[in-house]
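A.B. asks: Sequence and predicted structure, then a few things I'm wondering about:
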Amino acid sequence: MLVPLVFLALLPLCAFILSIVSGEKYVVKINVFFSVLLIFSGIVFYAYYAYLGFPISHIRLYSAGGLGEVYGFIVDPFSAGMALIISVVAGAIMLYSTNYMSPQNNYHPVVTGKPRFYAWMYLFIFSVMLFIFSSNLIQLLINFELMSLACWGLISYSGTPEAARSSYKMLVVTHLGAYGGLAAAIGYLALNYGSVSLSTLSSLSPSGKLLVLGLVMWAAITKSSQFPTYSWLPDAMVAPTPTSALLHGATMIEMGPYLVARIIYSMGGVPVNAQYIILAPIIFSVIISTLMYPALRDGKRLLAYSTIAEAAIMYFTVSLMVYSLRLGLSLFLLYFTAHAFLKSLGFLLMGSAGYSVGTHDLVRVMEYFSSSRLLYNLLLCVLLGLAGVPLFSVAKAYMVVLSGPVITIPIYLAALLAIFAESAVLLAVSMHWVGGRKAPAGPLPGLPPYMYASFIILLVGLYLSQIWAFTVMIPSIYRVM
């Protein structure tokens with residue numbers, strides 16, 4: 001598995017390097033090539049992995065005294081499934097950005113600086129790929145920080161004071177998580193066990209598992225913008241929309257729940273008190289998002305607060321690993337899969353409105369979507385899916401049904417009630433904006449072809465991926481657990 005893994009992981013690194021050296025003249029063609037190749041490579045990688053029978057491969061490349069393994073990779077049904085979703089969604093977003101990053105964009109007109117944008121984007125994707133396959137906490141920390149660096153470059157891309165302030169706010173908050181959480185966990189493991197490998201976590205005492213999980217949870221909530229560190233994410237909406245789609249859809253925000261799930265999975269289970277460590281902050285995150293929905297008129301900020309709630313729900317699924325590793329992990333991956341396609345498509349649609357009419361104000365946005373039956377129906381699918389309507393996304397309903405056994409536990413009941421309220425309010429707010437649309441006063445410009453291609457990839461991927469999750473991904477996880 002090492003050769004195909006290295007190819008998949010190094011693909012965005014090659015795109016990063018070529019974006020830097022190509023200059024304005026060729027960078028767009030390079031991006032089109034690598035965006036398509038990224039989608040194709042992700043599918044081929046997973047197909048080959050499935051052909052091999054979903055083996056678990058722990059590839060150890062380097063060890064050091066006092067730390068144990070410090071460089072290696074873990075390829076299992078968990079990381080391979082994540083890699084497939086990330087590569088397809090990221091490839092679609094990068095294809096969309098080919099047209100979005102242009103002088104014709106009425107919201108973010110771009111004349112120069114494309115190489116810098118594409119370089120940061122591919123560095124972002126590269127760091128996420130390395131993160132999901134990391135086999136020890138030092139690697140996780142390095143790639144955690146590399147994600148933050150790339151995100152800083154993208155949020156500050158426009159060079160405005162607001163962009164600079166938002167990028168440094170994100171950087172400071174995630175640094176607090178990196179060093180207050182992951183680095184502290186590394187120190188604890190190195191001093192007490194002489195190893196920072198994920199394989200060491202299963203040998204920890206119950207109290208040691210709770211300590212490490214608590215430290216990792218702190219790092220994770222800063223990365224995924226959960227209470228009390230949630231405010232950096234709405235401010236980060238000053239970034240170009242493809243960045244927002246990548247940030248929210250399948251990369252940085254979702255790496256928080258992924259990190260916690262990977263830690264619990266490596267521990268082979270945790271004490272029941274771990275449920276409070278995971279659920280306490282996410283309940284507040286869901287409540288905050290729910291209260292914010294009715295007050296928001298900016299489409300990107302509405303989607304941003306929805307992401308905070310969606311990430312919290314992913315943590316809810318991860319918390320179920322306390323009682324059943326199989327159930328919690330499979331529900332997390334199912335929810336992540338649906339969210340990745342829905343949220344990416346939502347941001348790209350919002351970006352198309354900004355591209356055409358120069359604003360994300362929902363009044364003007366709905367006028368724009370009223371001019372196109374296709375775009376209007378796509379937006380409707382996204383909003384209904386995010387609200388949990390089963391016809392558009394089965395993940396939330398499936399999660400609620402299978403979490404029935406824990407409903408008698410007070411903290412789980414509180415979390416489920418918060419999730420129900422969030423879904424209801426998001427649905428009501430969404431229908432208010434969608435149902436109150438007005439026809440535009442005059443004809444509005446159409447969209448370039450790569451944007452439509454990205455919409456189709458994400459829409460088809462949304463439904464195919466949910467079928468794939470039930471028929472291939474979840475059974476592959478059950479097979480090895």
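C.D. replies: Structure received. None of the values given here were measured: they were computed from a predicted structure. Residues are numbered from 1 along each chain as shown.
A.B. asks: Please save the CA atoms from stretch 378-391 in CSV.
C.D. replies: The C-alpha trace of stretch 378-391 is given here as CSV (Å, rounded to 0.1, in the frame of the first residue of the first chain):
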residue,chain,number,x,y,z
LEU,A,378,-29.7,22.6,-6.0
LEU,A,379,-29.8,25.1,-3.1
LEU,A,380,-33.1,23.6,-1.9
CYS,A,381,-31.5,20.2,-1.9
VAL,A,382,-28.6,21.5,0.2
LEU,A,383,-30.7,23.3,2.8
LEU,A,384,-33.1,20.4,3.2
GLY,A,385,-30.2,18.0,3.5
LEU,A,386,-28.5,20.1,6.1
ALA,A,387,-31.7,20.2,8.1
GLY,A,388,-31.9,16.4,8.1
VAL,A,389,-34.8,15.8,5.7
PRO,A,390,-34.2,12.0,4.9
LEU,A,391,-35.0,12.2,1.2
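A.B. asks: Pull out the buried positions in that stretch.
C.D. replies: For stretch 378-391, burial by neighbour count (16 or more other CB atoms under 10 Å) applies to 378-389. Every C-beta, even on glycine, is put in place using the N, C-alpha and C of the backbone.
A.B. asks: Show me the shaky parts of the stretch 1-150 of the chain.
C.D. replies: By pLDDT under 70, the low-scoring segments of the stretch 1-150 of the chain are 1-2.
A.B. asks: per-residue confidence averaged over the helix or strand harbouring Ile474?
C.D. replies: In the assignment (DSSP states H and E), Ile474 maps to helix 474-480. What helix 474-480 shows for mean pLDDT is 88.
A.B. asks: and it, what other elements does it pack with?
C.D. replies: For helix 474-480, the helices and strands in contact under the criterion 3 or more CB pairs under 8 Å, 6 or more residues apart in numbering; DSSP states H and E are helix 77-100, helix 325-357.
A.B. asks: Counting neighbours, what do you get for the nearest residue to Pro77 once chain neighbours are set aside?
C.D. replies: Nearest residue to Pro77, sequence neighbours excluded (CB to CB, 6 or more residues apart in numbering): Ser476, at 4.1 Å. Neighbour count of Ser476, defined by other CB atoms under 10 Å: 21.
A.B. asks: quick one, what contacts Leu38?
C.D. replies: Shown in contact with Leu38 (CB atoms under 8 Å, 6 or more residues apart in numbering): 11-12, 15, 87, 90-91, 94, 125.
A.B. asks: okay, now Ser205: neighbour count?
C.D. replies: Neighbours of Ser205 using other CB under 10 Å come to 10.
A.B. asks: ranges for the strands of the stretch 51-200 of the chain?
C.D. replies: For the stretch 51-200 of the chain, strands defined by DSSP state E, counting those that start in this stretch occupy the ranges 57-64, 68-75.
A.B. asks: Counting by contacts, list what the first one packs against.
C.D. replies: Using 3+ CB pairs under 8 Å, 6+ apart as the contact criterion, the neighbours of strand 57-64 among helices and strands are helix 2-22, strand 68-75.
A.B. asks: For that strand, buried residues please.
C.D. replies: 57, 60.
A.B. asks: now the angle between helix 77-100 and that strand, please.
C.D. replies: Angle, strand 57-64 to helix 77-100, by axes from the mean of the first three to the mean of the last three CA atoms, to 10 degrees: 90 degrees.
A.B. asks: swap in the last one?
C.D. replies: With the same axes, to 10 degrees applied, the angle from strand 68-75 to helix 77-100 works out at 70 degrees.
A.B. asks: I'd say Phe392 and Gly385 touch.
C.D. replies: Yes. Phe392 lies in contact with Gly385 (CB atoms under 8 Å); the separation is 3.8 Å.
A.B. asks: List the buried residues of the strand or helix carrying Ile221.
C.D. replies: Using DSSP H and E, Ile221 maps to helix 206-223. Residues of helix 206-223 classed as buried by neighbour count (16+ other CB under 10 Å): 208-223.
A.B. asks: next structured bit after it?
C.D. replies: helix 232-235.
A.B. asks: Show me the contact partners of the helix holding Ile474.
C.D. replies: With CB under 8 Å, 6+ apart as the criterion, helix 474-480 contacts 50, 54, 56, 76-78, 81, 326, 329-330, 333-334.
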